[in-house]
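S.K.: Using only what follows, build the 3D model:
(4 chains)
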Protein chains: 2
Amino acid sequence: MSITEKPIRSMREQICDAVRAEVFSGEMTNDQPVREQPLAERFGVSRGSVRDALLQLSQEGVLVYSPNRGVRVSSPPSDAEFRLYAKLRKEIEAHCLDICMDQLTEEDDRNLTNLLATLEDACRRADLSAITETDLAMHRYWVSRASRELESVWLGITVRMLIVYTLLEDYMEVHQEHAAIVEAIVRRDLKGAKRAVNENIRYK
Amino acid sequence: MSITEKPIRSMREQICDAVRAEVFSGEMTNDQPVREQPLAERFGVSRGSVRDALLQLSQEGVLVYSPNRGVRVSSPPSDAEFRLYAKLRKEIEAHCLDICMDQLTEEDDRNLTNLLATLEDACRRADLSAITETDLAMHRYWVSRASRELESVWLGITVRMLIVYTLLEDYMEVHQEHAAIVEAIVRRDLKGAKRAVNENIRYK
DNA sequence: TTTCGTCTAATTGTTAACAATTCGAGCATT
DNA sequence: AATGCTCGAATTGTTAACAATTAGACGAAA
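M.R.: Got it, this is the predicted structure:
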């Protein structure tokens, strides 16, 4: 276990992760209201903690908040907005690779390789929820390595792109593309990594 | 009074706005912890509402949250990050002008002109707090007109640029630049407006 | 039939008390 | 003096009860 590891996750973060995953997997449909009480009972906590989590997810863009009316699942962005998000995301991730590439350790390589294996498994099982989650975790890895501040901005953009319910024709292609990224990173090939990331983030 | 106007602001939003303004005006120094109880007493509400506000400001990037340790004022971004933020911001605002330019009404023109007058007054008084607040409000105007979703992303980027304590040499220049933007918008001159915005958002 | 008001159930907003955690002062030990 | 320990004050985290708001059902009147 690494020293920098933070095994404890606050209640709020756990709820955030769970709800976010359910939204991405399509278990919660767009515009469907998300109630506080049922979630509180499901997680065995009080409404206060759930409130905190829902508020944070609203700020992230996963949910939309209306005063006195609670939150609902966000609607997908327009095509024009989606293209803008993709452009911004490419620039952020390129910047992050610039920053973190030459300070990555062998442990980072191992972690990324493990994530890649998890992704491959999810692709084989055609488990859209797991694919999305692992995809997010991989990109998040190099972004968070570069800057905690940027990570927050990046997440807000990325979750909005993931709201769209994408039915992929070829799941294994997802794995291929990420394998190319990880290979380039392990080789410390900055240009190659940027190119691979650029090809992975598509304009829909 | 317009129908779409929302005169009521939730307690959380009021606290957010107040704390945000104080951070931008330099009244709260970097890395200084922000305690819940004093704020609660100041606003005459309970800690719960203050908690909500501080959590939201953390997500926005104005404050930094540490579990069990509360929040503190964010540190300014590095030069490289600042340049990236400026680039992203230019692209977002250009996109928003694209979207909203031809659906602006005469009332929007009046609102922008009023904001410009407020800005001019603040520049004359050399009131850095008011200048920052009005500057933010003006840019936010065309962003929010284009998309509520984008507004949230844009705010996260913009507040991080404003954390830096900028001591301007010529306050009236700020007014000049915004006057150029508003003039172009009132003329419905898309290219001119984009150019003026581009020149206003500087790489530090 | 349509429209308007009233009531009620469901839901969110707020509060105050209590639990858990952090951090530093002070002291004992080496 | 330096190190490690205990304790307590300050602070955040969580909870449950209460207040305020919303939305929909139900009628009454035009």
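S.K.: what's the nearest residue to residue A:132 if we skip its chain neighbours?
M.R.: Closest residue in space to residue A:132, ignoring its immediate chain neighbours: residue A:24 at 4.5 Å, by CB to CB, 6 or more residues apart in numbering or on different chains. In this view, the C-beta of every residue, glycine as well, is placed from N, C-alpha and C.
S.K.: residue contacts, the closest residue to DNA strand D within chain A?
M.R.: Across chain A, no residue is closer to DNA strand D than residue A:48, which sits at 2.2 Å (CB to the nearest atom of the strand). Applying CB atoms under 8 Å, 6 or more residues apart in numbering or on different chains, one finds that residue A:48 lies in contact with residue B:48.
S.K.: If we use 10 Å, what do you get?
M.R.: A:11-12, A:36, A:40, B:48, B:51-52 (CB atoms under 10 Å, 6 or more residues apart in numbering or on different chains).
S.K.: among the residues you listed, which are in strands?
M.R.: With DSSP state E as the criterion, strands contain none of those.
S.K.: can I get those in JSON lines with pLDDT?
M.R.: Shown next, in JSON lines, are the contacts of residue A:48 (pLDDT from 0 to 100):
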{"residue": "A:11", "pLDDT": "89"}
{"residue": "A:12", "pLDDT": "91"}
{"residue": "A:36", "pLDDT": "97"}
{"residue": "A:40", "pLDDT": "97"}
{"residue": "B:48", "pLDDT": "95"}
{"residue": "B:51", "pLDDT": "96"}
{"residue": "B:52", "pLDDT": "95"}
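S.K.: Can you turn the buried part of the residues you listed into a ChimeraX selection?
M.R.: Typed into ChimeraX, the line below selects the buried ones among the contacts of residue A:48, using 16 or more other CB atoms under 10 Å in any protein chain shown:
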select /A:11,12,36,40 /B:51,52
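S.K.: which of the contacts of residue A:48 are close to DNA strand C?
M.R.: Near DNA strand C, judged by CB under 7 Å from any atom of the strand, the entries from the contacts of residue A:48 are A:36, B:48, B:52.
S.K.: Identify the residue nearest the residue in chain A that DNA strand C sits nearest to in space, chain neighbours excluded?
M.R.: Here the residue of chain A nearest DNA strand C is residue A:70; by CB to the nearest atom of the strand that distance is 2.8 Å. Spatial nearest neighbour of residue A:70, excluding adjacent residues (CB to CB, 6+ apart): residue A:33 at 5.6 Å.
S.K.: Now for that neighbour: which residues touch it?
M.R.: So residue A:33 contacts A:63, A:66, A:69-73 (CB under 10 Å, 6+ apart).
S.K.: List buried residues within the residues you listed.
M.R.: Taking 16+ other CB under 10 Å as the criterion, what is buried in the contacts of residue A:33 is A:63, A:70-73.
S.K.: residues from chain A in reach of DNA strand D?
M.R.: Within reach of DNA strand D by CB under 7 Å from any atom of the strand, chain A has these residues: A:10-12, A:44-49, A:52, A:67-69.
S.K.: swap the cut-off to 6 Å and go again
M.R.: Residues of chain A that fall close to DNA strand D, judged by CB under 6 Å from any atom of the strand: A:10-12, A:45-46, A:48-49, A:68-69.
S.K.: Chain B: which of the residues you listed is nearest?
M.R.: Nearest to chain B out of those is residue A:10 (CB to the nearest CB; 5.2 Å).
S.K.: Tell me how many other residues surround that closest one.
M.R.: Other residues lying near residue A:10 total 14 when counted by other CB atoms under 10 Å in any protein chain shown.
S.K.: Ramachandran angles for it?
M.R.: Here is the backbone geometry of residue A:10 (degrees, to the nearest 10): phi -60, psi 160.
S.K.: And for residue A:66?
M.R.: Backbone torsions of residue A:66, given as degrees, to the nearest 10, read phi -120, psi 130.
S.K.: Now do the same contact list for the spatially closest residue to it that is not a sequence neighbour.
M.R.: Leaving aside its chain neighbours, residue A:66 sits nearest to residue A:72 (7.7 Å; criterion: CB to CB, 6+ apart). Taking CB under 10 Å, 6+ apart, we find residue A:72 in contact with A:28-34, A:58, A:63-66.
S.K.: Same check on residue A:96?
M.R.: By CB under 10 Å, 6+ apart, residue A:96 lies in contact with A:139-147, A:150-151, A:154, A:197, B:84.
S.K.: Name the nearest residue to it, ignoring sequence neighbours.
M.R.: When the adjacent residues along the chain are set aside, residue A:96 lies closest to residue A:146, with 3.6 Å between them (CB to CB, 6+ apart).
S.K.: Double-check the one you found against residue A:103; I have them as touching.
M.R.: Yes - if you go by CB atoms under 10 Å, residue A:146 and residue A:103 touch, sitting 9.1 Å apart.
S.K.: if you count what's nearby, which of the two comes out ahead?
M.R.: Using other CB under 10 Å as the criterion, residue A:146 and residue A:103 rank with residue A:146 on top: 23 against 9.
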